[in-house]
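Asks: What shape does this take:
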Amino acid sequence: MADREGTHVVLLATGGTISSRAQAAERGAVIAADKGAQVLASLAAAPAYPVKVIDVACQGSYLLTIADMIAICAQIKTVLADPSVRGVVVTHGTDTMEETAYLADLTHDDVRPVVFTGAQTSADAADPDGPSNLAGAIAVAGSDQALGEGALIVFAGEILRVRGVRKAQTIALQAFTNSDFGSAGLVALNGDVSISRPEPRLPPLPLPLIASREPLRVDVVSAYPGADEVLIRASVAAGARGIVLQATGSGNANPALCGAVAEATASGTVVVMSTRVSAGPVIAVYGAGGGRDLVSAGAIPSGLLKPSQSMILLSLLLHLDREPDEIARAFTAHGAPLSPGDRSLSQASVSPLGHSTEKTRT
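Replies: Reported below is the predicted structural model:
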């Protein structure tokens, strides 16, 4: 995008701690309250680029559903239809930021970046972290360095690519980490942006429309010492189209869970096996109810995707009516490290307005 004069960043406000204040009527409980204009006004200095504010929601991200996340992503696409937009910032609660941001990244078909940020301390705290996070996010969203990077998270001065990112601290200011893929770069207090060499990107997936249909049920079930088949069977009985099994270690369970997985997959429920471990891939090694037996029972390994983002990818693929073999191939692609030879969403494949010209099923 050679000429960016006259462009601006759009701030999509959805709530979260960055907009929250203690409410006397709620016995001092902190809830989302500030609109986007108030959040923007909290900046200590003028933002790096002109900003237009759009209020999408005002709630804690622990309240969001898959339908809400799809609606946020749809709003991102609507905003980017305007060629005068140089980038998008989404203020969002940290609890489920890794999910919404990953959905945005999976479905992002534009060279211009989408940057998620939020806060760990409320807007009425003595020294809130939201204003500095927002200032950094605006600087990244408008930076030429961020072109082609898809969705990013900016938090505590760090720039993180979304795939593999997890909230790792409940209250510490550096809330997010990416154990498998590391940091993408830094944004300084003065707005200077430094991003490492671009990582290859897979072609985007379509964003489904669910206004005319009920969101599909996808459950997350944990393996733990002594776990039996009850929860998997209950999930299937409740109509789950998909289940993410949060397995132990490299992707292990026990014979009872393997039996329940076999029943579920035979009935048409897609089961993906992830892990509760914070880093490293899911690999089918062990028998006696371990990963090799889970694969034999029909479970799809998630690779490097942890349960939260496995649930997002599985939900998206099921909403797109993908078959189990297509879902397995997608997890192989999205859950593995990308090599330089993989197909990428490069600036060369993007039209002058920033819209991808490629629509490949993955």
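Asks: Going by C-alpha atoms from here, please, whenever you check contacts or count neighbours.
Replies: Will do.
Asks: Quick one: mean pLDDT for stretch 63-75?
Replies: pLDDT averaged over stretch 63-75 equals 96, rounded to a whole number.
Asks: Give me the contact list for it.
Replies: Stretch 63-75 has contacts (Cα atoms under 8 Å, 6 or more residues apart in numbering) with Val56, Thr96, Thr100, Leu103, Ala104, Thr107, Leu207, Pro208, Leu209, Ile210, Pro215.
Asks: Arg27 and Ala256: what is the separation?
Replies: Distance, Arg27 to Ala256, using Cα to Cα, to the nearest Å: 45 Å.
Asks: same question but for Met69, I mixed them up
Replies: Counting by Cα to Cα, the gap between Met69 and Ala256 amounts to 34 Å.
Asks: Buried ones from the contacts of stretch 63-75, can you make that a ChimeraX selection?
Replies: Remark: buried members of those, expressed as a ChimeraX selection using 16 or more other Cα atoms under 10 Å:
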select :56,96,100,103,104,107,207,208
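Asks: I'd like to know which of the contacts of stretch 63-75 is nearest to Gln169.
Replies: The closest of the contacts of stretch 63-75 to Gln169 turns out to be Thr96 (Cα to Cα; 12.9 Å).
Asks: Kindly list the main-chain dihedrals of the residue nearest to the spatial centre of the chain?
Replies: Centroid-nearest residue in the chain: Tyr102, 2.3 Å away (criterion: Cα atoms, centre = their mean). The phi and psi values for Tyr102, taken as degrees, to the nearest 10, are phi -70, psi -40.
Asks: ditto for Arg86
Replies: Comment: the main-chain dihedrals of Arg86 come out as phi -90, psi -10, following degrees, to the nearest 10.
Asks: Neighbours of Glu323, how many?
Replies: Here the number of neighbours of Glu323 (other Cα atoms under 10 Å) works out to 11.
Asks: do you know how far it is from Gly36?
Replies: Glu323 sits 40 Å away from Gly36 when distances are taken as Cα to Cα.
Asks: again, but for Arg4
Replies: Note on Arg4: its distance to Gly36, by Cα to Cα, is 24 Å.
Asks: Helices of the stretch 101-250 of the chain, residue ranges please.
Replies: With DSSP state H, counting those that start in this stretch, the ranges of helices along the stretch 101-250 of the chain come out as 130-141, 230-237.
Asks: Between those, which one is closest to Leu43.
Replies: When the helices of the stretch 101-250 of the chain are compared for distance to Leu43 using Cα to Cα, the nearest one is helix 130-141, at 4.9 Å.
Asks: mind saving the C-alpha coords of that closest one as CSV?
Replies: As requested, C-alpha coordinates have been extracted for helix 130-141 and formatted as CSV (Å, rounded to 0.1, in the frame of the first residue of the first chain):
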residue,chain,number,x,y,z
GLY,A,130,-4.7,-0.2,29.5
PRO,A,131,-3.7,3.2,28.2
SER,A,132,-0.1,2.2,27.4
ASN,A,133,-1.3,-1.1,25.9
LEU,A,134,-3.7,0.8,23.7
ALA,A,135,-1.1,3.3,22.6
GLY,A,136,1.2,0.5,21.5
ALA,A,137,-1.6,-1.3,19.7
ILE,A,138,-2.5,1.8,17.7
ALA,A,139,1.2,2.3,16.8
VAL,A,140,1.4,-1.4,15.6
ALA,A,141,-1.9,-1.3,13.7
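Asks: what residue ranges in the chain are flagged as low confidence?
Replies: Low-confidence segments of the chain, defined by pLDDT under 70: 1-3, 211-213, 338-362.
Asks: Can you flag the residue of it lying furthest from its geometric centre?
Replies: Distance from the C-alpha centroid of the chain, by Cα atoms, centre = their mean, peaks at Ala288 (33.7 Å).
Asks: is it fair to say it lies in a strand?
Replies: No. Counting by DSSP: H, G, I helix; E, B strand; the rest coil, Ala288 falls outside a strand, being coil.
Asks: if I look at it, how far off is Gly259?
Replies: Ala288 sits at a distance of 11 Å from Gly259 (criterion: Cα to Cα).
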